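> Quick one, fold the following:
(2 chains)
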Amino acid sequence: MEFKHPQEELDRFRRRLAFASGFVLVFFGILLMRFVWLQMVQHRYYETRAEENRIALVPITPNRGLIVDRNGVVLARNYSAYTLEITPSKVPDFDATIDALSAIIDIQPRDRKRFRKLLDESKNFESLPIRTRLSDEEVARFIAHRYRFPGVDIKARLFRQYPEGEFASHLLGYIGRINAGDVGRIEEADQELNYRGTDHFGKTGLEQSYEFDLHGVSGFEQVEVDAGGRAVRTLARTAPIPGNNLTLTIDAKLQRVAERAFGDRRGALVAIEPSSGGILALVSMPNYDPNLFVDGIDTQSWRELNESPDKPLLNRAIYSAYPPGSTFKPFMGLAGLELGKRRAEQAIADPGFFSFGNHTFMDDKKGGHGMVDVYKSIVQSCNTYYYMLANDLGIDNIASFMGRFGLGSRTGIDIEGEAKGVLPSPQWKKERFKKPEQQKWYAGETISIGIGQGYNAYTMLQLANATATLANNGTMFKPHLVRHVVDTRSGEKRPVEPQPLRTIPLKPENLEVIKKAMVGVNIEGTGARAFAKAEYVAAGKTGTAQAFSLKGAQYRAHALKEELRDHALFIAFAPADNPTIALAVLVENGGFGAQAAAPIARQVFDYYLLGKVPATPAPRDEAAKEVDE
Amino acid sequence: MNFLRHWLRRLVAPIDPVLMLLTGILFTYAFLAIYSASPERAGNQLMNTLVALLVMRVMAQIPPQRLMHMALPIFVGGVILLICVALFGDISKGARRWLNVGFMRIQPSELMKISVPLTLAWYFQKYEAHLRLRDFGIAAVLLMIPTFLIARQPDLGTAILVFAAGFYVIFFAGLPWKIIIGMIVSALAAAPVAWTLLHDYQQHRILTLIDPEKDPLGKGFHIIQSTIAIGSGGFFGKGWGQGTQTQLEFLPERHTDFIFAVLSEELGLLGNLFLLTIYALLIGRGLMIAANAATLFSRLMAGAISMIFFTYAFVNMGMVSGILPVVGVPLPFMSYGGTALVTLSVGIGILMSIHRSRMLLQQ
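Numbering: from 1, shown residues only, chains lettered A, B, ... in the order given. This is a model prediction of the structure:
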């Protein structure tokens, strides 16, 4: 490079400045295009992203609906209480934190166990209660020490409460924390959004079957949040709609009388209003306390309930099927009359046994009952009459007649998990068994079906409903526990199952014969001792079901262990001419129906028809016999 | 009274009213933005601004010739300090950038942003009469020493700015186009090699730029949030103090490197257009001063300072709006903090001094 003229140098410099100016403009132009792209073309998209950043939807859980009995007695309600809660993601060492907390607040080992269980089951990083129902004093003490416990806080929450405790637990059921199975049900019902803020879900009983009625509709709060997730202010609020209340067909006082009548015995009772199918009492003893499950049951209580030989968690009224024993006889007698195999006045000679092929079926009464017509067969519970009748009817006729009374099929009660029971028939046997030799129906099997033994097995609900249908002259309802679902805002009542399912065509004169015989049971028959001096006319039938096959050995109650003794049954309705209540009762290993089951029915009727509240559980009548001798 | 008028006249004499007006607008704008992003820092920024104005006034008073004589000693001192940083510097956020000199901590790399163009301009002025290709080579070596020292601290943002400042001087001094084009071509060819020499975090920043959504809570977070802020601002913006990204703290570094996103969100495209216009006018004024400057040193210095402003502004806005990788370059006169403010004010002061010295020569 040689010496240059200054002016030439300056010109070149200025050309470069001009180039630089152009450079600046081009690159600022690129920036401007970028801004136009972001702020005009893509504006809507980024505006949405900014709104998503700042607005959070916080669900407001609705109040769960109440459950009240037909007279307005509250059986499940909510109450507000303070809980001490730990947010697991913010607490590194639970044990150390809980140890420190227990210095100021009473925390029992069972609280710790329950917290551990909740922690294992929790679905996300929600806060979990370590103690519920804090006293005001405990709240004040914690607040004074709060600074020491990051990630621990006090919250006011609504809790489910079953004020009666161990009462009607099998029909009410309970709610518990939502688990994976519940999430599946919520998704199936397309309710995910509605359950976003909900912790609890109905697990059994009415709490489960009416879950989506009781839950209500979640409200939402639109909250402006900052980058740290803290709520800055509320932008909008949609109030939650409280869950619907349930008004039951249950009469809580009747339920109480029925439960107390059992004393400490195991068993089940279902009482139905024949004119509506509404269930007045549904008892399964023993009960349990549903309150234990609400905040998550502790392991020890769970083990006690689950491993108890009395199986308190089993709803015996609808989940267990039992042989009906002699309570089957009125229905058999009716079948004989209706199908023309017997006439009312037609009597058979009972020698005390019935031979079929090379097998002899024994009567309970040695030497037999003599001449027996249908009235006497029911009043005295004569087996031979029914061995013969079953043989004459044949299994197919029996099965189809009993099937119309709903025996052996689910009643459709508004609680889930109902057992189907067994209505024996050749068809049933074919489906039930796999080996060809087991699938075959033997004519001899029909004989014991006639007295309610053999493969027969029905739930107390089925038996009670069949009895109610009989009492109602063949008009049958779907049994139900909820009378109506009440919309808490409008007060509108939605009735449940008010219409009859069907009416079985039955001849009035035949019904009259059977009903008269069942009245006779309580006047001069097996139920006479239990219904002595009753101020109303009750129709009934005792029954005894074998819990254990003796294989031909002589049955002696006192010689057998309690759990091997027979189950006591009783079906009844009253008043006989215009029934307002029909029931089936079972006492597990209670012995004869007349001894253990009929006295319970007496107490229930005395209360329902006369308002008498018994002072003690129904006494066991050792002297009562299954068969009139 | 007379004395006061005389004193005022002496106070404002070296000040270029156009540059002063543009700078004043930027200061006001910056104050509003910082007040919105971080009100508790607004008072501090006012203090920083006053210091900056003082520095600007002092620099405007110093004639270019005096500056020229100071160039080499400052440069040598600066390089020594950079070496000291490399040897004994304090580490902060994974980089060795600060030097603790007992009573305060200084960042010598900041000094080099002015010192490098000053030295190169001095060098070209010195050999103005018989400038050879060899002199460009020497200038390049002078440039690469501090650039290298800063880049390995590591401080890529400052290194880029220092390199750019020096490069502008060499460019305006007449570096032949064929060499420039050759450099660009070879730089592109060497890019894959350079990639492997980058630190992991530097590679991540560039990858993040390509696809920020890949790591929305980690390295992509800054860019995602700033583009949301800019885009959601729309044409008119959400209003001053009304930006949700800013006020609810979704926008990180909102008072410093990402302050442009605050402006964009709250004042919209209109506000951005205004800011770009002010920057363009400021740079244009600087280039005009360069065009009319009396000496080669003044011309090179004025041209380089103007283009440094452009570089700051472009790199920062490009980064915040997601078209350049994230490097620590503040938005000139807008971002919170005293250091960059003082450096840039020194630049404006020098521009004023150059402009004034030419007017003095004309008189």
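
> Test my guess that residue B:157 contacts residue B:329.
Yes: in this structure, residue B:157 is within contact of residue B:329 by Cβ atoms under 8 Å, at 4.5 Å. Every residue, glycine included, has its C-beta placed from N, CA and C.

> Can you check the pLDDT for residue A:226?
Residue A:226 carries a pLDDT value of 80.

> How many neighbouring residues does it have?
Using other Cβ atoms under 10 Å in any protein chain shown, the number of residues around residue A:226 comes to 15.

> got a list of what it touches?
Shown in contact with residue A:226 (Cβ atoms under 8 Å, 6 or more residues apart in numbering or on different chains): A:54, A:232, B:248, B:249, B:250.

> so which pair among these is furthest apart in space?
Across these, the longest distance by Cβ to Cβ is 12.0 Å; it joins A:232 and B:250.

> Between these two, which has more neighbouring residues?
Applying other Cβ under 10 Å to residue A:232 and residue B:250 shows that residue B:250 carries more neighbours, namely 24 against 13.

> where does the more buried one sit relative to residue A:227, distance-wise?
Per Cβ to Cβ, to the nearest Å, residue B:250 is found 5 Å from residue A:227.

> How is residue A:268 assigned, secondary-structure-wise?
Recorded secondary structure, residue A:268: strand (DSSP: H, G, I helix; E, B strand; the rest coil).

> Tell me what it is bridged to.
residue A:284, residue A:586 (DSSP bridges).

> can you count the residues close to it?
30.

> burial measure for residue 259, as a count.
Using chain A. 21.

> wrong one, I was asking about chain B
26.

> Can you list the helices and strands that the strand or helix carrying residue A:114 packs against?
Using DSSP states H and E, residue A:114 maps to helix A:109-121. Judged by 3 or more Cβ pairs under 8 Å, 6 or more residues apart in numbering or on different chains; DSSP states H and E, the packing partners of helix A:109-121 are helix A:94-102, strand A:128-131, helix A:299-307.

> Show me what counts as buried in stretch B:119-129.
Within stretch B:119-129, the residues scored as buried using 16 or more other Cβ atoms under 10 Å in any protein chain shown are B:119, B:120, B:121, B:122, B:123, B:124, B:125, B:128.

> Looking at those, which are in strands?
Nothing among these maps onto strands, per DSSP state E.

> nearest to chain A, of those residues?
Nearest to chain A among the buried residues of stretch B:119-129 is residue B:128, at 8.4 Å by Cβ to the nearest Cβ.

> ok so, going back, what's the most buried one of the helices and strands packed on helix A:109-121?
Most buried of those, by mean neighbour count (mean count of other Cβ atoms under 10 Å in any protein chain shown): strand A:128-131, with a mean of 23.

> As a markdown table, the buried residues of stretch B:119-129 with distance to residue A:314 and pLDDT would be great.
A markdown table is the format used below for the buried residues of stretch B:119-129 (distance: Cβ to Cβ, whole Å; pLDDT from 0 to 100):
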| residue | distance to residue A:314 | pLDDT |
| --- | --- | --- |
| B:119 | 94 | 95 |
| B:120 | 94 | 95 |
| B:121 | 97 | 94 |
| B:122 | 99 | 94 |
| B:123 | 99 | 93 |
| B:124 | 100 | 92 |
| B:125 | 103 | 92 |
| B:128 | 106 | 84 |
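
> In JSON lines, list those along with distance to chain A.
Shown next, in JSON lines, are the buried residues of stretch B:119-129 (distance: Cβ to the nearest Cβ, whole Å):
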{"residue": "B:119", "distance to chain A": "19"}
{"residue": "B:120", "distance to chain A": "15"}
{"residue": "B:121", "distance to chain A": "12"}
{"residue": "B:122", "distance to chain A": "17"}
{"residue": "B:123", "distance to chain A": "15"}
{"residue": "B:124", "distance to chain A": "11"}
{"residue": "B:125", "distance to chain A": "12"}
{"residue": "B:128", "distance to chain A": "8"}
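
> Just put the residues you listed in TSV and tack on distance to residue A:463.
Conversion of the buried residues of stretch B:119-129 to TSV gives the following (distance: Cβ to Cβ, whole Å):
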residue	distance to residue A:463
B:119	108
B:120	107
B:121	109
B:122	112
B:123	112
B:124	113
B:125	116
B:128	119
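
> part of a strand, is residue A:221?
Yes: Residue A:221 forms part of a strand when assessed by three-state DSSP.

> what about the residue nearest to it when sequence neighbours are not counted, neighbour count?
Nearest non-adjacent residue to residue A:221, counting by Cβ to Cβ, 6 or more residues apart in numbering or on different chains: residue A:58, 4.5 Å away. Residues near residue A:58, counting by other Cβ under 10 Å, number 15.

> circling back to that earlier point, give the residues shared as contacts by residue B:157 and residue B:329.
With Cβ under 8 Å, 6+ apart, residue B:157 and residue B:329 have common neighbours residue B:315.

> Show me which of these two is the more surrounded one.
residue B:329 (25 against 21).

> Show the contacting residues for the more buried one.
B:157, B:160, B:161, B:257, B:312, B:315, B:316, B:319.

> Look up the closest residue to the spatially most central residue of chain A, ignoring the ones flanking it.
Nearest to the mean C-alpha position of chain A, counting by Cα atoms, centre = their mean, stands residue A:205 at 2.0 Å. In space, and not counting its chain neighbours, residue A:205 is closest to residue A:173: 2.0 Å by Cβ to Cβ, 6+ apart.

> How about residue B:273?
Going by Cβ to Cβ, 6+ apart, residue B:273 has residue A:32 as its nearest residue, at 7.2 Å.

> ok, back up a step: tell me which of the helices and strands packed on helix A:109-121 lies nearest to residue B:72.
helix A:94-102 (65.1 Å).

> what separates the closest one from the chain centre, distance-wise?
Distance of helix A:94-102 from its chain centroid, counting by Cα atoms, centre = their mean, to the nearest Å, is 38 Å.

> mind saving the C-alpha coords of it as PDB?
Output of helix A:94-102 as PDB, limited to C-alpha atoms (Å, rounded to 0.1, in the frame of the first residue of the first chain):
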ATOM      1  CA  PHE A  94     -40.800 -37.100  58.100                       C
ATOM      2  CA  ASP A  95     -39.800 -38.900  61.300                       C
ATOM      3  CA  ALA A  96     -37.800 -36.000  62.600                       C
ATOM      4  CA  THR A  97     -40.600 -33.500  61.700                       C
ATOM      5  CA  ILE A  98     -43.300 -35.700  63.300                       C
ATOM      6  CA  ASP A  99     -41.100 -36.200  66.400                       C
ATOM      7  CA  ALA A 100     -40.700 -32.400  66.800                       C
ATOM      8  CA  LEU A 101     -44.400 -31.900  66.200                       C
ATOM      9  CA  SER A 102     -45.400 -34.500  68.800                       C
END
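
> Where do the helices of the stretch 251-400 of chain A begin and end?
Along the stretch 251-400 of chain A, counting by DSSP state H, counting those that start in this stretch, helices occupy A:252-262, A:291-294, A:299-307, A:329-338, A:374-379, A:383-393, A:395-404.

> could you check the angle helix A:109-121 makes with the third one?
Calculated by axes from the mean of the first three to the mean of the last three Cα atoms, to 10 degrees, helix A:299-307 forms an angle of 80 degrees with helix A:109-121.
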